[in-house]
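1. The following block contains a protein sequence and its predicted model.
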Amino acid sequence: MQRSLYLVKELPLRMWYPEEADMQILSDWLLSNPNTLQSSVARSILASLDWNSLHWAMQLRVATLAVEACLKHSPEKSGPVSPGTVAEGVSSLAAMVQKLKSIPYKNY
């Protein structure tokens, strides 16, 4: 597994601009079990992209995907969320993600 990940990390991904089909594959991989090779590769790819040259809509898509993955894989906590905490921030982002999911992608 580590050798495969090493190969991905050495690719010149800063020169790559993912398209919608690429993002769907990365999304599937990122939302899979975090201990899988696919999830590790997706995280490595996303970390290696040139964010300054990506369109803002693609940046927003990846941000909402990251929140979705965090929510999917984080253990649920019981009790109220305290204001000013990371949990409160994630809860706010989760609400925003749900709202954005109702807007077609091409409208961003």
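-> Great, that's in hand. Just so you know, these numbers come straight off a predicted model, no measurement behind them.
2. How many residues are close by residue 32?
-> Neighbours of residue 32 under the rule other CB atoms under 10 Å: 17. All C-beta atoms are positioned from the backbone trio N, CA, C, and that covers glycine.
3. show me what contacts residue 44?
-> Going by CB atoms under 8 Å, 6 or more residues apart in numbering, residue 44 touches 5, 8, 9.
4. pull the longest helix from this structure.
-> helix 56-73 (DSSP state H).
5. hang on, the earlier thing: can you put the contacts of residue 44 in a markdown table and add neighbour count?
-> Shown next, in a markdown table, are the contacts of residue 44 (neighbours: other CB atoms under 10 Å):
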| residue | neighbour count |
| --- | --- |
| 5 | 14 |
| 8 | 15 |
| 9 | 13 |
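6. Specify which member of the residues you listed is nearest to residue 17.
-> Relative to residue 17, the closest of those is residue 8; by CB to CB it sits at 16.9 Å.
7. From residue 48, how far off is that closest one?
-> Distance, residue 8 to residue 48, using CB to CB, to the nearest Å: 8 Å.
8. Perfect, that will be all.
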